[in-house]
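Q: Quick one, fold the following:
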Amino acid sequence: MNGWSVGGRNYVLVLLTLTAAFNFLDRQILGVLLEPIGQEFDLPDSMLGLLSGIAFAAFYAVLGIPIAVLADRFNRRNIIVICIAIFSVMTTLCGAAANFVQLFLTRIGVGVGEAGTMPASQSILSDLYPVEERASAMGLLAAGGNIGLMLGLLIGGWVNEWFGWRIAFLVAAIPGALLALTIHLTVPEPLRKTTVPRKTHWLRETWDGIALVGRVLSMRRFVLGGTLYGLAAYGIHTWMPVYYIRYHGMSTGEAGTAISIIVGVLGGIGAVAGGVLCARLSRRDLRWNAWVPGLAILISVPLLIAMLMTNNTWVALGLFVVPGILSSVYAGPTWAIIQELVPPHRRAIAVSVYMLIFNLIGLGLGPLAVGILSDLYIPSLGDESLRWAMITVLLVSFGGVTAYYMASRSVVADVQHQRAAFTPGLARQPHRGGDFKGAKP
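A: This is a model prediction of the structure:
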């Protein structure tokens with residue numbers, strides 16, 4: 001499949017990017033609605049953090065692995081369609097919640113539906129795009145998250161002001177239902193590049209996939225880098241609308257619009273550009289897959305700390321621009337290189353293991369950590385507690401930078417070993433899983 005014709009690889013890439021966008025739309029719309037939901041149900045920040053973190057992330061992360069096993073065996077297109085339908089229905093039900101418990105349970109349902117879309121999408125793209133083009137494709141897929149965040153903030157912010165937060169959830173659910181129908185009718189299941197080995201029991205296959213990911217040194221380092229950054233990024237971005245509402249007097253619509261432009265539009269451009277840049281650089285040196293994310297994080301953190309410290313709204317928005325552009329640069333290179341560190345028939349489950357760790361710790365604990373720290377800081381910091389809670393969690397990003405640097409020291413050797421082991425005609429090379437000084441594969 002090639003080109004832009006219906007069913008072609010670029011057409012499929014666009015629809016999978018929209019899948020990621022509506023996935024993030026239904027996931028992230030809660031961020032801009034936390035303040036009105038908290039006021040209606042009289043919830044402290046720690047409970048809001050629980051609602052926006054673990055309520056979604058636990059089931060989203062855990063179910064990703066068994067669904068990925070199915071994606072490595074069965075029709076990935078159908079899995080994506082079913083998952084989109086589930087999270088769209090559950091988002092609709094979020095708007096009908098009468099109390100915290102019901103909203104908590106419906107958020108779990110959203111997580112269940114969204115668990116299977118990303119592993120299956122990345123597996124499909126790995127069959128449609130060669131390795132030298134894959135970072136660019138994954139960069140566009142990552143930009144879907146920024147598009148969804150933008151839509152979630154805009155829809156959630158303004159629909160809440162006009163009609164209330166319940167209607168906002170309903171409006172957010174509609175695009176997913178239409179997309180599921182479009183994918184079902186127009187996207188064929190692509191041929192896999194390799195023959196799937198003899199099927200084993202799914203539990204054994206799941207454990208083998210997890211063990212394989214754990215054995216690869218670079219995989220462990222990339223997972224650690226993305227996860228530590230994810231903890232800080234989700235902690236900051238989930239609470240960013242509340243930050244601008246509390247400290248800069250914005251309405252939900254104003255905060256949603258400002259953040260959607262910076263993180264959604266500019267962040268999406270940054271994700272695509274970062275993927276394209278990394279794809280070009282990594283043709284000469286695979287270590288750029290680690291260097292690009294590490295540099296993006298290193299540039300962003302000081303600017304974000306300065307943004308959280310200032311009381312001037314325009315200065316805060318200005319300081320947020322560069323971190324917003326760089327916010328998703330890490331995703332494309334990280335996803336792309338993970339696909340090269342495991343056998344082709346293990347790609348979906350490799351992504352799901354990464355997403356399990358990333359989402360349990362990053363998406364699950366990031367927003368929750370900010371909420372808990374905000375409540376703990378109240379006795380000593382008063383109204384400034386949320387600001388300092390966000391800064392505290394943001395510092396975890398430096399651990400991500402370190403992990404990406406360590407990954408750059410082993411990735412070339414690990415990829416060479418993988419290619420030699422599973423590519424016919426390539427001589428096998430000794431593999432120690434340690435550091436590698438050379439620049440090129």
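Q: For Glu335, list the residues it contacts.
A: That one is not Glu; residue 335 is Trp. Gln122, Met138, Leu141, Ala142, Val351 (CB atoms under 8 Å, 6 or more residues apart in numbering). All C-beta spots, glycine's among them, are computed from the backbone N, C-alpha and C.
Q: Show me what the helix or strand containing the third one is packed against.
A: Just to be clear, that refers to Leu141. Element membership of Leu141 [criterion: DSSP states H and E] is helix 131-163. Secondary-structure packing of helix 131-163 (3 or more CB pairs under 8 Å, 6 or more residues apart in numbering; DSSP states H and E): helix 9-41, helix 117-128, helix 165-186, helix 217-248, helix 252-259, helix 267-282, helix 331-340.
Q: one more time with 10 Å, if that's ok
A: Contacts defined by 3 or more CB pairs under 10 Å, 6 or more residues apart in numbering; DSSP states H and E place helix 131-163 against helix 9-41, helix 117-128, helix 165-186, helix 217-248, helix 252-259, helix 267-282, helix 288-309, helix 331-340.
Q: Pull out the buried positions in stretch 96-112.
A: Ala97, Phe100, Leu103, Phe104, Thr106, Arg107, Ile108, Gly109, Val110, Gly111, Val112 (16 or more other CB atoms under 10 Å).
Q: Can I get it as CSV, trimmed to CA atoms?
A: Below are the C-alpha coordinates for stretch 96-112, written out as CSV (Å, rounded to 0.1, in the frame of the first residue of the first chain):
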residue,chain,number,x,y,z
ALA,A,96,-23.8,11.4,33.1
ALA,A,97,-21.9,10.8,36.3
ALA,A,98,-23.8,11.8,39.4
ASN,A,99,-20.9,11.6,41.9
PHE,A,100,-17.2,11.0,42.2
VAL,A,101,-17.5,7.2,42.3
GLN,A,102,-19.4,7.1,39.0
LEU,A,103,-17.1,9.5,37.3
PHE,A,104,-14.1,7.4,38.6
LEU,A,105,-15.6,4.2,37.1
THR,A,106,-16.4,5.8,33.8
ARG,A,107,-12.8,7.1,33.5
ILE,A,108,-11.7,3.5,34.1
GLY,A,109,-13.9,2.6,31.1
VAL,A,110,-12.2,5.2,29.0
GLY,A,111,-8.9,3.7,29.9
VAL,A,112,-10.1,0.2,29.0
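Q: circling back to that earlier point, and the helix holding Leu141 with helix 9-41, angle?
A: 30 degrees (axes from the mean of the first three to the mean of the last three CA atoms, to 10 degrees).
Q: and helix 131-163 with helix 217-248, angle?
A: Between helix 131-163 and helix 217-248, the angle comes out at 20 degrees (the same axes, to 10 degrees).
Q: quick one: average confidence on helix 131-163?
A: Mean pLDDT, helix 131-163: 80.
Q: Buried ones in that helix, by neighbour count?
A: If you call a residue buried by 16+ other CB under 10 Å, then helix 131-163 has these buried ones: 131, 133-161.
Q: Could you point out which of the helices and strands packed on helix 131-163 sits nearest Thr392?
A: Thr392 sits nearest to helix 217-248 of all the helices and strands packed on helix 131-163, at 9.1 Å, using CB to CB.
Q: what angle separates that closest one from helix 252-259?
A: Interaxial angle of helix 217-248 relative to helix 252-259 (the same axes, to 10 degrees): 140 degrees.
Q: Could you check how far helix 217-248 is from the centre of its chain?
A: From the chain centre to the centre of helix 217-248 is a distance of 10 Å (CA atoms, centre = their mean, to the nearest Å).
Q: repeat for stretch 266-282
A: 16 Å.
Q: Could you export that stretch as CSV, CA atoms only?
A: Only the C-alpha atoms of stretch 266-282 are listed here, as CSV (Å, rounded to 0.1, in the frame of the first residue of the first chain):
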residue,chain,number,x,y,z
LEU,A,266,2.9,24.3,18.3
GLY,A,267,3.5,21.0,20.2
GLY,A,268,2.1,19.1,17.2
ILE,A,269,4.4,20.9,14.8
GLY,A,270,7.3,20.2,17.2
ALA,A,271,6.4,16.5,17.3
VAL,A,272,6.4,16.2,13.5
ALA,A,273,9.5,18.3,13.0
GLY,A,274,11.3,16.4,15.8
GLY,A,275,10.5,13.1,14.2
VAL,A,276,11.6,14.3,10.7
LEU,A,277,14.8,15.7,12.1
CYS,A,278,15.6,12.6,14.1
ALA,A,279,14.8,10.4,11.1
ARG,A,280,17.4,12.3,9.1
LEU,A,281,20.0,12.4,11.8
SER,A,282,19.6,8.8,12.8
